[in-house]
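Enquirer: let me see the structure of the following:
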Amino acid sequence: MAEVPAPETKPNLPGDQLTLPWQSPKVNAELAACAKMLEGVAIDYEQLPAIRHGLCGAPAPILVKSIGADPTVAIEPPATMNCTLAAKLDAWLKDTVQPAAAALGSPVVKIHNISSYKCRNRYNGANTRISEHAFANALDVSEFDLASGERVTVLDNWRRPAPTPAPPPPPDPKPKPEADISLTKVKVEQTAPPAPPPVAKPPMEMTVAERKSAFVHEIHDDACKTFNTVLGPDANEAHRNHFHLDMKVRRYVKICE
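Expert: Presented below is the predicted three-dimensional model:
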């Protein structure tokens, strides 16, 4: 008897669902909230029309071209996001990224956006949960360009450089008297103090590669204070080359990996 093939699972894509337009009161309220949220923020943006595509969209999205002043941080290419995410991005750049860049000797003047708004499921799956990118509530950042012309990328600089091995100690010119090895070992194990924890090198004693690695780790870890979800190379293979930042509200928990 021939084996009956399993039925194919029909893709459940957010853009294929029924599209219900935003109601004017909702759009107007979001526009007003957006303007208030961005008061005092140094940001170059364009207000976009409301986006609605199946389950995807945002009532008051903006196209962000740059954030900050002295220095201005360009976003390449400009990113479509909601105003909550834009305000948090400004705070992260100002309070975390630029102070961390001081150890590199030059401020960040550009970040590379590899994904902002996109109507899709997580990981571009056919039946995974809907992505925060589908609500203009997420940004993927892969690279940071410095005013000096140096580039720091998540892909190249996340992994910490292997430490330089210490040279072996010189041989003892004086021969030691023979001893009972087993007794000597026991004595050492009983009296030897515990090894001290590794001490981080001061920035000026680090190599360029070490400073860049320290920079991407610091801004990733500190991003958890600003965004509700932060995913990087240690989260999974899908994030090996970028940081995913989003503002999805979860009860009692932030996701930082």
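
Enquirer: all strands of this protein, in order?
Expert: Assigned strands in the chain, in chain order: 43-47, 51-53, 56-58, 62-67, 73-81, 108-115, 138-146, 151-153, 229-231, 243-246, 255-256 (criterion: DSSP state E).

Enquirer: got the ones you listed as CSV, with mean pLDDT and distance to residue 126 columns?
Expert: All C-beta spots, glycine's among them, are computed from the backbone N, C-alpha and C. Shown next, in CSV, are these (pLDDT from 0 to 100; distance: least, Cβ to Cβ, whole Å):
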stretch, mean pLDDT, distance to residue 126
strand 43-47, 97, 33
strand 51-53, 97, 17
strand 56-58, 98, 15
strand 62-67, 98, 29
strand 73-81, 98, 24
strand 108-115, 98, 18
strand 138-146, 98, 19
strand 151-153, 98, 30
strand 229-231, 97, 21
strand 243-246, 98, 20
strand 255-256, 90, 23
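
Enquirer: need those strands in JSON lines with mean neighbour count and distance to residue 14, can you?
Expert: Below are the strands of the chain laid out as JSON lines (neighbours: other Cβ atoms under 10 Å; distance: least, Cβ to Cβ, whole Å):
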{"stretch": "strand 43-47", "mean neighbour count": "16", "distance to residue 14": "24"}
{"stretch": "strand 51-53", "mean neighbour count": "16", "distance to residue 14": "8"}
{"stretch": "strand 56-58", "mean neighbour count": "22", "distance to residue 14": "5"}
{"stretch": "strand 62-67", "mean neighbour count": "21", "distance to residue 14": "21"}
{"stretch": "strand 73-81", "mean neighbour count": "21", "distance to residue 14": "16"}
{"stretch": "strand 108-115", "mean neighbour count": "18", "distance to residue 14": "15"}
{"stretch": "strand 138-146", "mean neighbour count": "22", "distance to residue 14": "14"}
{"stretch": "strand 151-153", "mean neighbour count": "17", "distance to residue 14": "30"}
{"stretch": "strand 229-231", "mean neighbour count": "23", "distance to residue 14": "18"}
{"stretch": "strand 243-246", "mean neighbour count": "24", "distance to residue 14": "16"}
{"stretch": "strand 255-256", "mean neighbour count": "16", "distance to residue 14": "21"}
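
Enquirer: including distance to residue 93, could those strands go into TSV?
Expert: Listed next are those as TSV, based on distance: least, Cβ to Cβ, whole Å:
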stretch	distance to residue 93
strand 43-47	10
strand 51-53	25
strand 56-58	21
strand 62-67	6
strand 73-81	5
strand 108-115	7
strand 138-146	10
strand 151-153	14
strand 229-231	14
strand 243-246	11
strand 255-256	18
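
Enquirer: right, I'll leave it there.
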